[in-house]
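K.L.:
I'll drop the sequence and a predicted model, then ask my questions.
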Amino acid sequence: MVVAALQPWAGISQRLRRNGPRSASRTGRRASLPAMSFKKTYTIDQFMRTTKVLGGAFSSDDQSIVFTSNGSGVFNVYSASVRGDSQQQLTHSLTDNVYGLSYFPDNKRILISRDRGGNENYHLYAFETDGQELDLTPGDDVAARFYGPTPDGAAFYCATNERDRRCFDIYKINFDTLERERLFADTEGYDFGCISRDERYIAFGESHTREKADIFLYDRATKELRCLTKHEGNSGFWPSCFDWNSEYLYYQTNRDSDFHYVERVELATGKTEPIAKADCDCYFSFSPAGRYQIVSRDQDSVFKVDISCLASMRKVSLPEVASEGIAGLNFSRSGRMMAFYVDGDRSPKDLYIYDFSSRVVRRLTESLTPEIDASDLVDSETVHYRSFDGLEIPALLWKPHNASVTNKVPALVYVHGGPGGQTRKKYNARIQFLVNNGYAVLAPNYRGSSGYGKTFRSLDNGTHGQAPLLDCVEARRYLATLDYIAGEKIGILGGSYGGFLAVSALTFYPEDFAAGIDLFGPTNWQRTLESFPPYWESALADFYRKVGDPRTEAEILRKISPLFHAEAITKPLLVLQGANDPRVLKSESDQIVAAIRKKGGVVEYIVFDDEGHGFIKTKNQTHAYKAIVEFLDRYLRS
């Protein structure tokens with residue numbers, strides 16, 4: 001249950017026409033401007049005029065790319081020339097978010113995805129040249145997933161749960177005829193992994209828990225489904241990709257290791273060999289044409305990427321702009337072009353194009369609004385503190401420019417979602433807005449967070465609402481030791497599972513925090529676990545292990561659920577909720593608010609009628625964070 005990212009918006013196409021694409025060298029200088037003696041404070045509306053950009057799929061002729069941006073206030077689909085000299089908004093939704101997935105072979109029609117009002121039942125649509133949308137996965141309760149085009153670009157792979165809401169069947173749909181073929185009918189709730197280029201094999205994951213998982217291989221020639229791996233203890237296997245010749249399956253494993261590394265297995269013989277291993281999690285993939293292999297490493301909350309040419313096995317020199325780390329790689333089918341994103345603490349994610357033959361890099365988007373000077377924003381610092389049992393907790397700390405021993409500032413413990421999420425070093429508009437308004441922010445990657453090895457991640461097993469909560473309480477105590485923090489003016493804010501921890505902090509440690517903010521967090525675990533969508537059934541065992549089984553551990557769930565202890569909440573609480581949330585039902589927030597009001601407590605409540613689990617529309621993000629800062633100003637500055 002990870003909280004959706006808050007990112008502001010602006011008119012990308014207008015700014016591109018006005019300023020033109022920026023060079024890589026100018027981009028590099030912009031994010032590292034020297035500190036100024038005067039730092040400007042910006043309004044939430046100004047932060048909301050920064051865009052968020054997603055995706056990037058090339059046309060078959062390598063001339064254009066389709067991507068998604070919230071420049072209009074909600075996510076819509078855009079196309080841009082790879083030359084960087086033109087850009088066009090294709091969809092014009094004013095309500096629901098629309099995401100661009102792929103060009104059709106004619107390079108005119110677009111495959112798009114959208115849900116309704118945040119209900120997370122995403123459908124796939126053919127967006128026609130006349131602006132009409134043809135639903136390719138119809139049905140009121142149907143959810144669809146896109147798995148990419150076939151290697152020849154003539155069709156695409158997807159999955160739907162139309163036959164059984166608990167499971168997703170795998171389909172191939174022809175782009176031209178829209179005829180579809182079912183490749184696999186799922187009856188167990190497997191997690192799709194990858195399909196071999198010859199389409200003989202489909203690899204699936206089966207997660208028993210977050211630490212224990214196996215790979216199943218389906219042979220379409222023999223119709224045989226077999227378990228390819230056998231986990232032992234707290235170890236697992238997760239499929240990544242097949243090689244170009246359909247001879248090997250590459251996968252991640254943490255067998256005999258604290259971190260995920262990459263192996264491959266020869267399908268004909270079962271022989272395995274290691275491919276990439278380090279003191280961090282490693283990931284592996286191939287470019288669509290089989291020309292390059294990509295190894296990514298999660299190092300200190302930043303992804304580092306190595307690209308090698310398969311013919312020579314020599315590393316490819318990446319453009320200078322990508323030296324700080326890149327993400328969201330996507331290659332054209334020819335292998336000649338690569339799209340990627342670059343972002344940093346003070347520079348939001350922007351889309352770039354790299355031509356391997358000419359070694360020319362072009363920036364296609366300008367996400368940060370020109371109204372904001374990057375030097376007024378703040379870089380995060382990686383810190384560590386000791387928790388209640390001596391465990392070292394990694395965290396990211398943002399210090400306002402004006403904070404000092406003589407000018408102590410209020411602070412927030414910022415709790416990420418999950419379970420199993422992670423706060424990473426990248427642009428975060430929510431945090432930058434809070435820091436720019438004078439609040440120090442500490443984001444703990446409490447026990448159970450990803451990115452720090454399976455031992456650290458497993459430390460929250462059976463301790464939700466307990467040990468991870470104490471990690472957040474100790475984060476508050478760490479903040480109070482900093483000489484520029486007003487120790488009595490520290491609040492806590494979290495979204496989704498982080499919202500649960502925020503409300504729990506006010507409930508079970510009522511004297512530690514001066515105020516709390518809960519964004520769509522569960523407060524009654526019995527209800528939450530019983531109301532998950534049917535297609536989450538295969539993941540419930542992991543939730544039960546982490547939190548508690550409602551069938552056998554009802555008392556434990558009641559003990560850690562803030563709703564049943566709301567009389568202990570004495571500090572002000574702000575609750576924000578989406579009316580269409582399919583994960584944490586609105587009734588949960590209704591009940592915790594009613595319980596606090598019944599005993600005369602201070603609680604403020606905001607409901608967005610057109611949002612689900614997370615606030616994506618710009619107008620709602622603006623409303624939410626304006627209300628958050630006004631709430632904090634009332635209770636942490638007075």
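P.N.:
All right, it came through fine. Numbering: from 1, shown residues only.

K.L.:
now do the helices in the stretch 51-200 of the chain.
P.N.:
Chain-ordered helices for the stretch 51-200 of the chain, with DSSP state H, counting those that start in this stretch as the definition, do not occur.

K.L.:
correction: the chain
P.N.:
Using DSSP state H, the helices found in the chain span residues 12-19, 24-30, 44-47, 429-436, 454-457, 467-480, 497-508, 525-530, 540-546, 554-560, 586-598, 618-636.

K.L.:
give me whichever of these is most buried.
P.N.:
Using mean count of other Cβ atoms under 10 Å, the stretch among the helices of the chain with the greatest mean number of neighbours is helix 497-508 (a mean of 28). Every C-beta, even on glycine, is put in place using the N, C-alpha and C of the backbone.

K.L.:
quick one: list the elements packing against it.
P.N.:
Based on contacts counted as 3 or more Cβ pairs under 8 Å, 6 or more residues apart in numbering; DSSP states H and E, the elements that helix 497-508 packs against are strand 409-415, helix 467-480, strand 485-495, strand 516-519.

K.L.:
can you pull the contacts of Pro419?
P.N.:
With Cβ atoms under 8 Å, 6 or more residues apart in numbering as the criterion, the residues that contact Pro419 are 1, 448, 460, 464, 497, 543, 546-547.

K.L.:
including distance to Arg264 and pLDDT, could those residues go into CSV?
P.N.:
Conversion of the contacts of Pro419 to CSV gives the following (distance: Cβ to Cβ, whole Å; pLDDT from 0 to 100):
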residue, distance to Arg264, pLDDT
Met1, 33, 38
Gly448, 30, 92
Asp460, 32, 88
His464, 36, 75
Tyr497, 34, 94
Phe543, 32, 78
Lys546, 31, 76
Val547, 35, 79
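
K.L.:
which two in those are spaced the farthest apart?
P.N.:
Pairwise distances across the contacts of Pro419 peak at 14.2 Å for Met1 and Asp460 (criterion: Cβ to Cβ).

K.L.:
tell me the residue furthest from the middle of this protein?
P.N.:
For the chain, the C-alpha lying farthest from the average C-alpha position belongs to Thr406; by Cα atoms, centre = their mean, that distance is 38.1 Å.

K.L.:
kindly state the pLDDT recorded for Lys586?
P.N.:
Looking at Lys586, its pLDDT is 96.

K.L.:
burial measure for Arg226, as a count.
P.N.:
Residue crowding around Arg226 was assessed by other Cβ atoms under 10 Å; the count is 10.

K.L.:
is it true that it touches Glu206?
P.N.:
No. Look at Arg226 against Glu206 with Cβ atoms under 8 Å: they stay out of range, at 11.9 Å.

K.L.:
what sits in contact with each of the two?
P.N.:
The contact sets of Arg226 and Glu206 overlap at Phe216 (Cβ under 8 Å, 6+ apart).

K.L.:
nearest to Pro105, of the helices of the chain?
P.N.:
Scanning these with Cβ to Cβ as the criterion, the closest one proves to be helix 12-19, at 25.8 Å.

K.L.:
in JSON lines, list the contacts of Pro419 along with distance to Gly420.
P.N.:
What follows is the contacts of Pro419, written out as JSON lines (distance: Cβ to Cβ, whole Å):
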{"residue": "Met1", "distance to Gly420": "10"}
{"residue": "Gly448", "distance to Gly420": "6"}
{"residue": "Asp460", "distance to Gly420": "8"}
{"residue": "His464", "distance to Gly420": "11"}
{"residue": "Tyr497", "distance to Gly420": "9"}
{"residue": "Phe543", "distance to Gly420": "11"}
{"residue": "Lys546", "distance to Gly420": "8"}
{"residue": "Val547", "distance to Gly420": "12"}
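
K.L.:
could you give the bridge partners of Arg297?
P.N.:
For Arg297, the beta-bridge partners are Cys282, Lys304 (DSSP bridges).

K.L.:
over to Pro582: give its phi and psi.
P.N.:
The phi and psi values for Pro582, taken as degrees, to the nearest 10, are phi -90, psi -10.

K.L.:
nearest spatial neighbour of Val66, chain-adjacent residues omitted?
P.N.:
In space, and not counting its chain neighbours, Val66 is closest to Gly100: 4.3 Å by Cβ to Cβ, 6 or more residues apart in numbering.

K.L.:
does that neighbour touch Ser69 like I think?
P.N.:
No. At 9.3 Å, Gly100 and Ser69 do not qualify as touching, with contact defined as Cβ under 8 Å.

K.L.:
give me every residue that touches the residue nearest to Asp141 when sequence neighbours are not counted.
P.N.:
Distances taken as Cβ to Cβ, 6+ apart put Arg165 closest to Asp141, at 6.2 Å, once the chain neighbours are dropped. For Arg165, the set of contacting residues under the criterion of Cβ under 8 Å, 6+ apart consists of 141, 533-535.

K.L.:
correct me, but Gly73 touches Lys619?
P.N.:
Yes. Taking Cβ under 8 Å as the definition, Gly73 is a contact partner of Lys619 at 6.3 Å.

K.L.:
picking up where we left off before, next, count neighbours for the residue nearest to Val66.
P.N.:
Using other Cβ under 10 Å: Gly100 sits among 26 other residues.

K.L.:
repeat for Gly205
P.N.:
A total of 19 residues lie near Gly205 under the criterion other Cβ under 10 Å.

K.L.:
what residues does it make contact with?
P.N.:
Contacts of Gly205 by Cβ under 8 Å, 6+ apart are 190-193, 213-216, 237-239.

K.L.:
need the pLDDT of the closest residue to it other than its chain neighbours.
P.N.:
The shortest distance from Gly205 to any non-neighbouring residue, by Cβ to Cβ, 6+ apart, is to Asp191 (4.0 Å). For Asp191, the model assigns a pLDDT of 93.

K.L.:
what's the burial count for Asp191?
P.N.:
Per other Cβ under 10 Å, the neighbour tally for Asp191 reads 18.

K.L.:
wait, isn't it in contact with Ser207?
P.N.:
Yes. Taking contacts as Cβ under 8 Å, Asp191 lies within contact range of Ser207: 6.4 Å.

K.L.:
what bits of this structure have low per-residue confidence?
P.N.:
For the chain, the stretches flagged by pLDDT under 70 are 1-38, 208-210, 322-325, 538.

K.L.:
repeat the analysis, applying 50 as the threshold.
P.N.:
Counting by pLDDT under 50, the chain has low-confidence residues at 1-37.

K.L.:
next up, phi/psi of Glu188, please.
P.N.:
Note on Glu188: backbone dihedrals following degrees, to the nearest 10 are phi -120, psi -10.

K.L.:
pretty sure it contacts Phe168?
P.N.:
No. Applying Cβ under 8 Å, one finds Glu188 not in contact with Phe168, separated by 10.8 Å.

K.L.:
which of the two has more neighbours?
P.N.:
Phe168 (25 against 11).

K.L.:
name the nearest residue to the more buried one, ignoring sequence neighbours.
P.N.:
For Phe168, ignoring the flanking residues on the chain, the nearest one in space by Cβ to Cβ, 6+ apart is Ala159 at 3.8 Å.
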